[in-house]
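# Sequence first, then the predicted structure, then my questions.
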Amino acid sequence: MPRPTPHGRKAAKAPGFKPAKKGPKGFKADGAAKNRWSDDKRAAYGKGPRKQWEPREDRSSRDDRAPRRDDRTDRAPREGGYERRDDYRSDAPRRSDAKGRNFTAYEPREGGFGGRAPRNVERGTESRGYDNRGERPSGDRERRPFNRDDRSRDDRGGFKREDRGGFKRDDRGAGRDDRGFNREDRGERRTFNRDERPERGPRKEYRPARAYDAAPRPKWEPRAERKPWDRPERPNREDRPRFQRDDRRDGVPADERTWRDDKPRFERDDKPRFQRDDKPRFEREERRSFDRREDRPASENLDQMSWEATELGEVDDSAVVATEGFAALGVPTKLVAALDKQGITSPFPIQTATIPDAIAGRDVLGRGQTGSGKTLGFGLPMLTRIAAAESTGGAPRGLVLVPTRELALQCADVLAPLAKTLRLDLTLIAGGMGYGPQLRAFERGVDIVVATPGRLIDLLEQGAVDLSQVLVTVLDEADHMADLGFMPAVTTLMDTVPSDGQRLLFSATLDGAVDKIVKKYLHDPITHEVDSDRASVTTMEHVLLHVPPHEKNLITAEIANREGRSVLFCRTQMGTNRVAEQLRAAGVMAGALHGGLTQGARTRILAAFKDGSVPVLVATDVAARGIHVDDVTLVLEIDPPMNHKDYLHRAGRTARAGTKGVVASICLPHQRRSMLRLLGAAGVKAEQLNAHPGEEELADKTGARPVDGVPIEDAEYERIIAPKRGGGARGPRQGGSRGGFGGRSQGGGYRGQGGGGRRFGGDRDRDRDRDRDRGGRGGFDRAGGGRSNNSEGWRRDR
DNA sequence: AAAAAAG
């Protein structure tokens, strides 16, 4: 059969078309047809007559060639009766997968694996040229015209085996195969002989991933074996100093104690250690912790902090003009004078909008951009109304609920002096602080409560609080309080306060989740939105930094090393610890703030940030909302926020009340799409920048400076963070470190068991500190077992 | 699946 001409080939495709007998041989470059020579002409040029094409001698029978590895004779023919691989291609077993797609199990390529399709082959032409198998086995099956490494299967998702850390094929020696089929049949990579192995570049030099520290990693050395006789001599049991509780409480840090009484604290007397008790174990534990809480002095053991209302002193309201500023909104002259004394004279838009309605007693939904003065927006009307109402003899009449302890502190600090001028008592109820003051406050009588939900419910269950007289309830950061994790607590409290009271909901972002609360608890609410909830703070500049992963740490450090105060946001507690440590190692004074620290540590680091001794705060979203620190000129998002609301709240830590600020977000390549979408949803027009360490552009935008790399010693940092005597935060001992910060450096990392393990003896509080430090939830968490603390909420949602 | 909120 003659070789098909181009025409003949094309023609054969069209159904029912008879190919021309003899087309031109081909076409010259100018388009002229190439004609075949007649036999005469061939003879004239010294060529013989044209030969007919003949099939090559069939050499495919086995006997004619050297045996190959995959010639298996010891195996029965496959189902279907074929023996040769070539045979089963056309009618190979078809399968359907779970989604109903059909595919052929596996088709080895004739050309081997190194081959490549010719460039000019179009998909869909009858013969693909690069293999001569003839018809495709299945017409509807898409087949890629290039050579795919069938092993990779990267279109299926998931990982390749090597990525999962499994064994590497090449480890097993070339050609070795003991699993029945050869590798190509299994869809695995072909093995190479030594000399046909593809060329590889020179071996890359290993570069350590350690970012900053130039000091060489200390070499591991085996610890000297300690024999019993090497141990320091221990005094006799009777001679050892016995620490009574009082000794422990003050002065002597756990690490400096020479000996610890090895009996557990609660069984110090002569009871046998493991006393049998007919009560089940958990009940015994319950009772013990209850005893402890009752007995415990406020500052004992826990790194707590205390709060006291600040006073403004006497204010003179004689000069207040009733038609100006706050007075015109209906705020009593006493309050106006008190505000004036603090330099607050003219109301912000959100305040102008909400105060009159709220004073009139309406339910208000208030939305104002971050840093726009929402606290006074609900605080002033609440105070006004309560001052005007008749006393209830000590039961609280105002309730402000906030999502974090810091925010509760801040809110109480703002409102307490104002309340004082109206002779109202305001108290702060929040977790992580002593029960004593809070219980006493309620005994004394309270007018206004600023609280985080958890502790307030705790006190409610103890019967210490009576919320039946509450006139005004405020939800600050309402959309956050409507979050899944908060919702149960919030509804509990909202159900407890009288249903005919006034409710005020405030946040910078209000959304769908709030609607549930609004529908259930608000009566005929009026909504005041002085701005859109999208980014509208004009003094805020947004920069999106595209950063290669290996430069992220250095860029973070350089930006943190800028002048002025910066807040850095991370996603996890551990992340903040790590970044803060890295920054200090690079010579930038930075501290971590997250909910896993003791309350004292949290308060101290925030105080250090506010007074400027620690200019860089690395925080989780605990600091994302509401926290006000003056002159924060940059917010850096080290990890992207969960959603656009979080972005706006984080960003709102800077550019507050009309000041300027930059919001920079680090964006790794894989975060681009989500980050851009998020910025779009936030309504942010961010400038994008390919950032690299040391580049001028980065410095222009963020003020980044190179780091000097001289590490800040832990001791130096701890000196700043250490509990100040007589300060607002009281620790269990003087000097040194104990709370959330000393634990790791002194405790030698994560030594020992998890917090839940040690039931008796030891210092439970210290255990918990360490647990908190490493971001885990210790064994004291109700949720227990390291489970997410809102896992119930998620489950309910499903 | 993080973080926050009670101990």
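The structure has been received and is ready for your questions. Numbers count the residues shown, from 1 in each chain, chains lettered A, B, ... in the order given.
# Next, the contact list for A:Val710, please.
Applying C-beta atoms under 8 Å, 6 or more residues apart in numbering to A:Val710 gives the contacts A:Gly587. Every residue, glycine included, has its C-beta placed from N, CA and C.
# Correct me if wrong, but it is in a helix.
No. Membership of A:Val710 in a helix is not supported by DSSP: H, G, I helix; E, B strand; the rest coil, which gives coil.
# A:Val465 versus that one, what's the distance?
Distance, A:Val710 to A:Val465, using C-beta to C-beta, to the nearest Å: 52 Å.
# Could you do A:Gln671 as well?
45 Å.
# With A:Leu426 instead?
Distance of A:Leu426 to A:Val465, given as C-beta to C-beta: 14 Å.
# higher neighbour count, those two?
A:Leu426 (27 against 24; other C-beta atoms under 10 Å).
# continuing past the helix or strand harbouring A:Ala412, what's the next helix or strand?
Remark: A:Ala412 resides in helix A:405-421, with elements defined by DSSP states H and E. Scanning forward in sequence from helix A:405-421 by DSSP H and E, the next helix or strand is strand A:426-429.
# What helices and strands are in contact with that next one?
With contacts taken as 3 or more C-beta pairs under 8 Å, 6 or more residues apart in numbering; DSSP states H and E, strand A:426-429 sits against helix A:405-421, helix A:435-444, strand A:448-451, helix A:453-462.
# Okay, now the unreliable bits of the stretch 101-250 of chain A?
Scanning the stretch 101-250 of chain A with the threshold set as pLDDT under 70 gives A:101-198, A:206-219, A:221-250.
# And the pLDDT at A:Arg284?
According to the prediction, A:Arg284 has pLDDT 34.
# just the one 5 residues further on next, same as before
A:Ser289 is assigned 34 on the pLDDT scale.
# Where does pLDDT dip in the stretch 451-600 of chain A?
A:532-536.
# just the helices in it please.
Counting by DSSP state H, counting those that start in this stretch, the stretch 451-600 of chain A has these helices, from start to end: A:453-462, A:478-481, A:487-496, A:512-521, A:552-560, A:573-585, A:599-611.
# Can you spell out which helices and strands pack onto the fifth one?
Spelled out, it's helix A:552-560. Packed next to helix A:552-560, using 3+ C-beta pairs under 8 Å, 6+ apart, are strand A:565-569, helix A:573-585, strand A:632-637, strand A:661-667, helix A:696-702.
# For DNA strand B, find the nearest of these.
Proximity to DNA strand B (C-beta to the nearest atom of the strand) singles out helix A:573-585 among those, at 4.0 Å.
# The closest one versus helix A:552-560: what angle between them?
70 degrees (axes from the mean of the first three to the mean of the last three C-alpha atoms, to 10 degrees).
# Quick one: check helix A:573-585 for contact with DNA strand B.
Yes. Residues of helix A:573-585 are located near DNA strand B by C-beta under 7 Å from any atom of the strand, namely A:Gln573, A:Met574, A:Gly575.
# Stretch A:474-494 now?
Yes. Counting by C-beta under 7 Å from any atom of the strand, DNA strand B has neighbours in stretch A:474-494: A:Asp483, A:Leu484, A:Gly485, A:Phe486, A:Ala489.
# and the end-to-end length of that stretch?
10 Å (C-alpha to C-alpha, to the nearest Å).
# now A:Pro332, nearest residue through space, not along the chain?
Nearest residue to A:Pro332 in three dimensions, chain neighbours excluded: A:Thr384, at 5.9 Å (C-beta to C-beta, 6 or more residues apart in numbering).
# I'd like to know which elements whichever strand or helix holds the one you found is packed against.
Element membership of A:Thr384, judged by DSSP H and E, is helix A:374-388. Secondary-structure packing of helix A:374-388 (3+ C-beta pairs under 8 Å, 6+ apart): helix A:333-341, helix A:349-359, strand A:364-367, strand A:398-401, helix A:405-421, strand A:448-451, strand A:472-476, strand A:502-507.
# neighbouring contacts of stretch A:372-383?
Contacts to stretch A:372-383, defined as C-beta under 8 Å, 6+ apart, come from residues A:326, A:329, A:331, A:335, A:339, A:344, A:347-351, A:353-355, A:358-359, A:364, A:366, A:368, A:398, A:400, A:410-411, A:414-415, A:418-419, A:422, A:424, A:448, A:472, A:474, A:476, A:504, A:506-508, A:530-531, A:657.
# distance of the residue of the stretch 551-700 of chain A found nearest DNA strand B from A:Glu563?
Distances between the stretch 551-700 of chain A and DNA strand B by C-beta to the nearest atom of the strand are smallest at A:Gly595, namely 2.7 Å. According to C-beta to C-beta, A:Gly595 stands 29 Å off from A:Glu563.
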